[in-house]
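Trainee: From the sequence below, what's the structure:
(2 chains)
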Amino acid sequence: MTALLDRLDLLGARVIGLLAMLGEGAMLFFRLLTRGLGAFARPRLVIDQIHFIGNYSLVIIAVSGLFIGFVLGFQGDYILSRYGTEQSVGLLVALALLRELGPVVSALLFAGRAGTSLTAEIGLMKAGEQLAAMEMMAVDPVQRVLAPRFWAGVIAMPVLASVFSAVGILGGWLISVKLIGIDAGAFWGQMESGVDIFTDIGNGLLKSVVFGFIVTFIALREGFIAAPTPEGVSRATTRTVVIASLLVLGVDFVMTALMFR
Amino acid sequence: MQTRSVNISVGLFVMLGVAALIFLALQAGNLATFRRGESYEISAKFDNIGGLKDRAPIKSAGVVVGRVAGIGFDDQTYQAVVRLQLDKRYAFPKDTSAAILTAGLLGEQYVGLNAGGDPDNLEPGARISSTQSAVVLETLISQFLFKSAADAGGGKKENAQ
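Mentor: Take a look at the predicted model:
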């Protein structure tokens, strides 16, 4: 009997802990959304963060996009030529990049490149009691430290995903037109007739905005609730990558199912 | 000087994103052929639309002149009602006929318009009366098979006689 009660006790504590964590996260999210807009009263902070989060991620995003475009060009040609339709490799590359790979892969890279540094930065600020010191001076750390980074991430993510898709399409063009020798007119023409500006480009952009919210929020939150020790910061950084990647993939599945049925 | 260079690089970053989007919209998307507002809508009833989809192109003489704006079902006549959104620049005679055609053997289906000779033009909201349904490949194949089977059967009879 007592064993059963112990089990129930444990289960209840787990559920309550989970709910508390979710509620805490939701509260932080709404604080970032509402009071965080005050960050734009000092655009300097946001611009500096865009520079750090966005500009420095540009190289890895562009190079990855180029190589993914190369691979899509090769693979698309390999498979489509079996059916004699290698002319539509441009459409394949464009749809794959715009709908899925552009937003998702750049969000995963973004989590690894920018998310980890955000978590580590916030976590160390917490470990060094800088956030507590701010609160002592009646400066809200959410508004002063977290919000500029949050909005910078949300702004940078769609830009990075667009660059990724554009560079990827250029990569696919290099391989399939310049190297394999598919007709350039067919490559661009099939792409143009098959890609819809709202369902494909618009939805891809919407995805990247949502992923920007997810990745940046997870990174900031993990740093904000990290245990203020070196070990805590390292764990928080790991959790940022794991949780953000899984969430991006899961949300991408749901959004794809809703958008492109 | 430090803030100025940061500003410039952030400005370049955002410009790059906008440029990438414009490139995607123009080169990969159909922004150049996409127009809204300067169009008028007519409708047509078909017995069978096959695999026609929303936003499928409407072509006349092979040129895209509009897009399918919506597909509905009329439960009085049991026909499909297709709303056709045509570019305002192109006017068609009243006795224009519409057909559902297929691009290539297995390609996408589109609506083809064949202009008639009537001096009056189709008004917005008008209905095209003469339509031709989609050719469903399965029906065509089964017709062919039945026909060849019937021919073979008939041939045997003749031989027997």
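Trainee: C-alpha from now on. contacts and neighbour counts both.
Mentor: Fine.
Trainee: Residue B:133: how many residues sit nearby?
Mentor: 17 (other CA atoms under 10 Å in any protein chain shown).
Trainee: phi, psi of residue A:229?
Mentor: With angles defined as degrees, to the nearest 10, residue A:229 sits at phi -130, psi 160.
Trainee: pretty sure it contacts residue A:127?
Mentor: Yes. Between residue A:229 and residue A:127 there is a contact under CA atoms under 8 Å: 5.9 Å.
Trainee: the more surrounded of the two?
Mentor: Shown here are residue A:229 and residue A:127; by other CA under 10 Å, residue A:127 has more neighbours (20 against 14).
Trainee: Can you give me every residue that contacts the more buried one?
Mentor: For residue A:127, the contacting residues are A:227-230, by CA atoms under 8 Å, 6 or more residues apart in numbering or on different chains.
Trainee: May I see those residues organised as TSV, with pLDDT and secondary structure added?
Mentor: Listed next are these as TSV, based on pLDDT from 0 to 100; DSSP: H, G, I helix; E, B strand; the rest coil:
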residue	pLDDT	secondary structure
A:227	91	coil
A:228	90	coil
A:229	91	coil
A:230	90	helix
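Trainee: Now restrict these to buried residues only.
Mentor: The neighbour count (16 or more other CA atoms under 10 Å in any protein chain shown) marks A:227-228 as buried among these.
Trainee: Residue B:48: which of the contacts of residue A:127 is nearest?
Mentor: Nearest to residue B:48 among those: residue A:227, at 65.8 Å, using CA to CA.
Trainee: was I right about the closest one contacting residue A:233?
Mentor: Yes. Contact criterion CA under 8 Å: residue A:227 and residue A:233 qualify, at 6.6 Å.
Trainee: Name the residues contacting each of these two.
Mentor: Taking CA under 8 Å, 6+ apart as the criterion, residue A:227 and residue A:233 both touch residue A:123.
Trainee: and residue B:75, how many neighbours?
Mentor: Residues within reach of residue B:75, counting by other CA under 10 Å, total 8.
Trainee: Neighbours of residue A:109, how many?
Mentor: 17.
Trainee: can I assume it is in contact with residue A:59?
Mentor: No. Contact criterion CA under 8 Å: residue A:109 and residue A:59 do not qualify, at 11.1 Å.
Trainee: Flag every buried residue along stretch B:82-91.
Mentor: Under the neighbour-count criterion of 16+ other CA under 10 Å, stretch B:82-91 has B:82-87 buried.
Trainee: got a list of contacts for it?
Mentor: With CA under 8 Å, 6+ apart as the test, stretch B:82-91 has contacts from B:38-46, B:58, B:65-72, B:121-122.
Trainee: try stretch B:60-75
Mentor: Outside stretch B:60-75, the residues touching it (CA under 8 Å, 6+ apart) are B:53-59, B:79-87, B:90, B:111-115.
Trainee: can you rerun that using 7 Å?
Mentor: With contacts defined as CA atoms under 7 Å, 6 or more residues apart in numbering or on different chains, stretch B:60-75 is touched by B:54-59, B:79-87, B:112-114.
Trainee: what secondary structure does residue B:73 sit in?
Mentor: strand (DSSP: H, G, I helix; E, B strand; the rest coil).
Trainee: Measure how buried it is and give me the count.
Mentor: So residue B:73, with other CA under 10 Å, has 13 neighbours.
Trainee: what sits opposite it in the beta ladder?
Mentor: Under DSSP bridges, the beta-bridge partners of residue B:73 are residue B:80.
Trainee: any idea how far residue A:110 lies from chain B?
Mentor: Going from residue A:110 to chain B by CA to the nearest CA, to the nearest Å gives 15 Å.
Trainee: For the closest residue to chain B within chain A, what are phi and psi?
Mentor: Distance from chain B to each residue of chain A (CA to the nearest CA) is smallest for residue A:159, at 4.3 Å. When read as degrees, to the nearest 10, the backbone of residue A:159 gives phi -60, psi -50.
Trainee: list the contacts for it?
Mentor: By CA under 7 Å, 6+ apart, the neighbours of residue A:159 are B:14, B:17.
Trainee: 8 Å instead, please
Mentor: B:13-14, B:16-18.
Trainee: One more: residue A:120?
Mentor: Contacts of residue A:120 by CA under 8 Å, 6+ apart are A:223, A:233-234, A:236-237.
Trainee: Most neighbours among those, which one?
Mentor: The member of those that has the most neighbours, counting by other CA under 10 Å, is residue A:223 with 33 neighbours.
Trainee: Near chain B, which residues of the stretch 1-150 of chain A? Just list them.
Mentor: Residues of the stretch 1-150 of chain A found near chain B (CA under 8 Å from any CA of the partner chain) are A:47-48, A:50-51, A:54-55, A:94.
Trainee: go again using 7 Å as the cut-off
Mentor: A:47-48, A:50-51, A:55, A:94 (CA under 7 Å from any CA of the partner chain).
Trainee: want to throw those residues into CSV with neighbour count?
Mentor: Listed next are the residues of the stretch 1-150 of chain A next to chain B as CSV, based on neighbours: other CA atoms under 10 Å in any protein chain shown:
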residue, neighbour count
A:47, 23
A:48, 18
A:50, 29
A:51, 20
A:55, 19
A:94, 33
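Trainee: any idea which of those is the one closest to residue B:96?
Mentor: Closest to residue B:96, out of all of the residues of the stretch 1-150 of chain A next to chain B and judged by CA to CA, is residue A:94, at 36.7 Å.
Trainee: so what's residue B:139 scoring on pLDDT?
Mentor: At residue B:139, the model reports a pLDDT of 82.
Trainee: what stretches of the chain score poorly on pLDDT?
Mentor: Looking at chain A here, since you left the chain open. For chain A, the stretches with pLDDT under 70 are A:261.
Trainee: you looked at the wrong chain, it should be chain B
Mentor: Using pLDDT under 70, the flagged stretches of chain B are B:1, B:29-37, B:104-107, B:154-161.
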